[in-house]
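**Q** Okay, predicted coordinates and the sequence, questions at the end:
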Amino acid sequence: MPATRRLAAILAADMVGYSRLIGEDETGTVHALREHRAAADPLVVQHGGRIVKTTGDGVLIEFGSVVGAVECGLALQRLATERNAGVADDRRMEWRIGIHLGDVLVEGDDILGDGVNIAARLEGIAEPAGICISDDAYRQVRGKVGAEFADVGEQSLKNIARPLRIYRVGPSSTPEPAAAPAGLPLPDKPSIVVLPFANMSGDPEQEYFVDGVVEEIITAISRLPRLFVIARNSSFAYKGKSLDLRQAGRELGERYVLEGSLRKAGNRVRITGQLIDTTTGAHIWADRFDGALDDIFELQDEVASRVAGAIEPRLRQSEIERASRKSTESLDAWDLYLRALALRDIHTDESVRKAIALLKRALTIDPDYVPAKAAIGWSWVHQASHGRTAISEAEVAEAVPLVRQALEAAKDNPDALWMAAFTLLCFAGERAIAVTAIDRALTLNPNSAHAWMARGYASLPQSEAAIEAFERAMRLNPLDRLERGFINGIAIPHLFARRYERALEWSVRALSEEPGYTAALRTKAVACAHLDRIEEARETVRRLLDAQPWNTVARTARFYARFFGSPDTAGVYVEGLRKSGMPEE
């Protein structure tokens, strides 16, 4: 069998001065390293990483996304800084990190090749507590990560044939906060204040437009579930004032601050925004929006929708990181739910089952906790679609009653609604009920990219309606780690419309986001088969079976007949996979 290769983001990390520390205090150093890794491993999970191997004081981690790798590297360095507080200089654990995007050779659970070697060499030239990334990695993360990059030019790395351009990475600089009086306590759920945006147009007459955009953003964000949004009157009390954002957060009792600016020139407008955690000063998210003023109210709505859709997953990720720092004894149902979301999205059998175990713990704390019931069902859907081990009928039987209970109780929780609805569609084929629940979720939160993704799948095989829903999901949240699900979703309607070349293009694009994405491998194989590219189809099915040995034509036929509503509709998949050489039973 030919060697398996894939594109991956590789992070190599190594502890500075490990040999010296071991020589001075072997037992204490080993114990401290073990404790540090126990704190660091959840950060790897949360950012979509897989620990390939550890070697004494070193670690090799694989990511499907360079953004995830760099954000994880920054988070790991922040953790090390926090843990070194109060530790003598000669006993501190500091790390060098190198990150590269490249082709790797896969051997079982291990990865080898130049991509790994380059990451290791980058780690070797990084400063203590520093991060170095290659130019290949930099091109993928610039503008997408809240960090500062310093170009250090081309460098010759040991045993690497060609010089590489290298960048040093550090956190965004933020001013130290001035001493301030104690403010309001933080609410028991994520909280945010949207401050008045700066008018950069140089025209005082445009203040009404700037304020209107901010009001629309406040209204849009207020629709997000489990989010405490401060009223416009309080946030606008800061209009025209120069202030420390941490101070504003303390005074208003808000964890997050959204600030921005607006520049209008002729018929064009540019709006920028950034989200900041007031407890740490860290930048969570930043983006820029450009548009025309043909319809001022439509533009206000569009900006508000895109801002709300973009910051929702960032807020959730920030809350996941907050929950990961809490002690096990202090976890409540919400914390367990957040930890489960991070595990589930890694797509390994072990991570999904750990996620389900956490969700069941949440239900022991609160038996009526609707999000946990819905997320258990959605986690089994992940396993059914992506798992190396097939989901059993007993597991389906566990999921369906739970999501039915969630649908009955989740009248005002859009996330629970779409997760439960999609599970019911997959496992029970109840399309009408699912569509009604997803539409209810979108009424509650029209800016939920994931609810639009669910609407896309529920619309199949109606090609154009499904494509429109997937495109809306991508527009709302273009940097989501689940974007490959949006992209492959667009490929499927093209299959049903017999536009096989277009289906192939979109499935290949999804695989460029995650080379081992099984749903996209399935779509690519079917498209290639219908285009009579049989060898390519067979090779794709071989890759699919390496990841999911349980796949058969019969299993696919049963699942898709239920999912799409009839055996005839599922036939495009069944015929394509049969031609691709997938086993019949």
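**A** Noted; the coordinates are in hand.
**Q** where's I192, which helix or strand?
**A** Secondary structure from DSSP states H and E places I192 in strand 191-194.
**Q** where along the stretch 101-250 of the chain do the strands fall?
**A** Using DSSP state E, counting those that start in this stretch, the strands assigned to the stretch 101-250 of the chain run over residues 110-112, 131-134, 147-155, 164-171, 191-194, 198-199, 228-229.
**Q** most packed of those strands?
**A** Mean neighbour count, computed with mean count of other Cβ atoms under 10 Å, is highest for strand 131-134 among the strands of the stretch 101-250 of the chain, reaching a mean of 27. (Glycine included, C-beta is placed from N, CA and C.)
**Q** okay, it in CSV with CA atoms only?
**A** Once non-C-alpha atoms are left out, strand 131-134 reads as follows in CSV (Å, rounded to 0.1, in the frame of the first residue of the first chain):
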residue,chain,number,x,y,z
ILE,A,131,7.3,31.0,19.1
CYS,A,132,8.8,30.8,15.6
ILE,A,133,6.7,30.0,12.5
SER,A,134,7.5,29.4,8.9
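**Q** And that strand, what does it pack against?
**A** In this structure, strand 131-134 packs against helix 66-84, strand 95-107, helix 114-125, strand 164-171, with contacts taken as 3 or more Cβ pairs under 8 Å, 6 or more residues apart in numbering; DSSP states H and E.
**Q** Let's see that with 6 Å instead.
**A** The criterion is 3 or more Cβ pairs under 6 Å, 6 or more residues apart in numbering; DSSP states H and E, and the helices and strands that strand 131-134 contacts are strand 95-107, strand 164-171.
**Q** tell me how far the strand holding I192 is from the chain's mean position?
**A** Centroid separation between strand 191-194 and its chain, computed with Cα atoms, centre = their mean, to the nearest Å, is 22 Å.
**Q** so what strands line up beside that strand?
**A** Each strand that pairs with strand 191-194, with its direction, by DSSP bridges: strand 228-229 (parallel), strand 256-265 (parallel).
**Q** The nearest residue in space to G102 that is not next to it in sequence: neighbour count?
**A** Leaving out its chain neighbours, the residue that sits closest to G102 by Cβ to Cβ, 6 or more residues apart in numbering is G115, at 3.0 Å. The number of residues packed around G115, counting by other Cβ atoms under 10 Å, is 24.
**Q** G115 touches L101, doesn't it?
**A** No - checked against Cβ atoms under 6 Å, the pair G115 and L101 is beyond contact range at 7.7 Å.
**Q** could the strands of the stretch 101-250 of the chain be laid out in JSON lines, adding mean pLDDT?
**A** What follows is the strands of the stretch 101-250 of the chain, written out as JSON lines (pLDDT from 0 to 100):
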{"stretch": "strand 110-112", "mean pLDDT": "89"}
{"stretch": "strand 131-134", "mean pLDDT": "94"}
{"stretch": "strand 147-155", "mean pLDDT": "84"}
{"stretch": "strand 164-171", "mean pLDDT": "88"}
{"stretch": "strand 191-194", "mean pLDDT": "76"}
{"stretch": "strand 198-199", "mean pLDDT": "82"}
{"stretch": "strand 228-229", "mean pLDDT": "68"}
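**Q** would TSV of these with distance to A39 be doable?
**A** Below are the strands of the stretch 101-250 of the chain laid out as TSV (distance: least, Cβ to Cβ, whole Å):
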stretch	distance to A39
strand 110-112	25
strand 131-134	18
strand 147-155	21
strand 164-171	18
strand 191-194	26
strand 198-199	39
strand 228-229	28
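**Q** Which of the ones you listed sits closest to N413?
**A** In this view, those are compared for proximity to N413 by Cβ to Cβ, and strand 228-229 is the closest at 15.4 Å.
**Q** residues in contact with E514?
**A** 64, 484 (Cβ atoms under 6 Å, 6 or more residues apart in numbering).
**Q** Phi first, then psi, for it.
**A** Per-residue torsions, E514: phi -150, psi 100 (degrees, to the nearest 10).
**Q** on that earlier part again, figure out which of the helices and strands packed on strand 131-134 is closest to A432.
**A** Proximity of the helices and strands packed on strand 131-134 to A432 was assessed by Cβ to Cβ; the nearest stretch is strand 95-107, lying at 43.0 Å.
**Q** Just the pLDDT for the residue nearest to G102.
**A** At G115, the predicted lDDT confidence score is 89.
**Q** Begin at 888, not 1, for the rest of this chat.
**A** Okay, residue one is now 888; in that scheme the one you just asked about reads as G1002.
**Q** could you say what helices and strands the helix or strand hosting W1305 packs with?
**A** When elements are defined using DSSP H and E, W1305 is found to belong to helix 1301-1315. Under the contact criterion of 3+ Cβ pairs under 6 Å, 6+ apart, helix 1301-1315 touches helix 1257-1273, helix 1280-1296, helix 1318-1331, helix 1336-1346.
**Q** can we see that at 8 Å?
**A** Using 3+ Cβ pairs under 8 Å, 6+ apart as the contact criterion, the elements in contact with helix 1301-1315 are helix 1257-1273, helix 1280-1296, helix 1318-1331, helix 1336-1346, helix 1440-1451.
**Q** Name the nearest residue to L930, sequence neighbours excluded.
**A** Once chain neighbours are set aside, the closest to L930 by Cβ to Cβ, 6+ apart is A962, at 4.7 Å.
**Q** What distance separates the opening and closing residues of stretch 1148-1164?
**A** Taking Cα to Cα, to the nearest Å, stretch 1148-1164 runs 18 Å from one end to the other.
**Q** In it, which of the residues would be classed as buried?
**A** Taking 16 or more other Cβ atoms under 10 Å as the basis for neighbour counts, the residues of stretch 1148-1164 that come out buried are 1148-1151, 1156, 1158-1164.
**Q** And for stretch 961-977?
**A** Residues of stretch 961-977 classed as buried under the neighbour-count rule (16+ other Cβ under 10 Å) are 961-964, 966-967, 970-971.
**Q** ditto for stretch 1386-1404
**A** Under the neighbour-count criterion of 16+ other Cβ under 10 Å, stretch 1386-1404 has 1386-1387, 1389-1391, 1393-1394, 1396-1398, 1400-1404 buried.
**Q** Rank those residues by pLDDT and give me only the lowest.
**A** E1400 (80).
**Q** For L1464, see how far away that residue is.
**A** 22 Å (Cβ to Cβ, to the nearest Å).
**Q** ditto for D944
**A** Between D944 and L1464 the distance, using Cβ to Cβ, works out to 47 Å.
**Q** So between those two, which is more surrounded?
**A** With neighbours defined as other Cβ under 10 Å, D944 and L1464 compare such that L1464 has more, 25 against 19.
**Q** re earlier: ok, so of the buried residues of stretch 961-977, who is nearest V1239?
**A** The shortest approach to V1239 among the buried residues of stretch 961-977 belongs to A962, at 22.5 Å (Cβ to Cβ).
**Q** any idea of the pLDDT on that closest one?
**A** Value for A962, per-residue pLDDT: 89.
**Q** again with G1070
**A** At G1070 the predicted local confidence, pLDDT, stands at 47.
**Q** roughly how far out does the host helix or strand of F1176 sit from the chain middle?
**A** For F1176, the enclosing helix or strand under DSSP H and E is strand 1170-1179. Offset of strand 1170-1179 from its chain centre (Cα atoms, centre = their mean): 18 Å.
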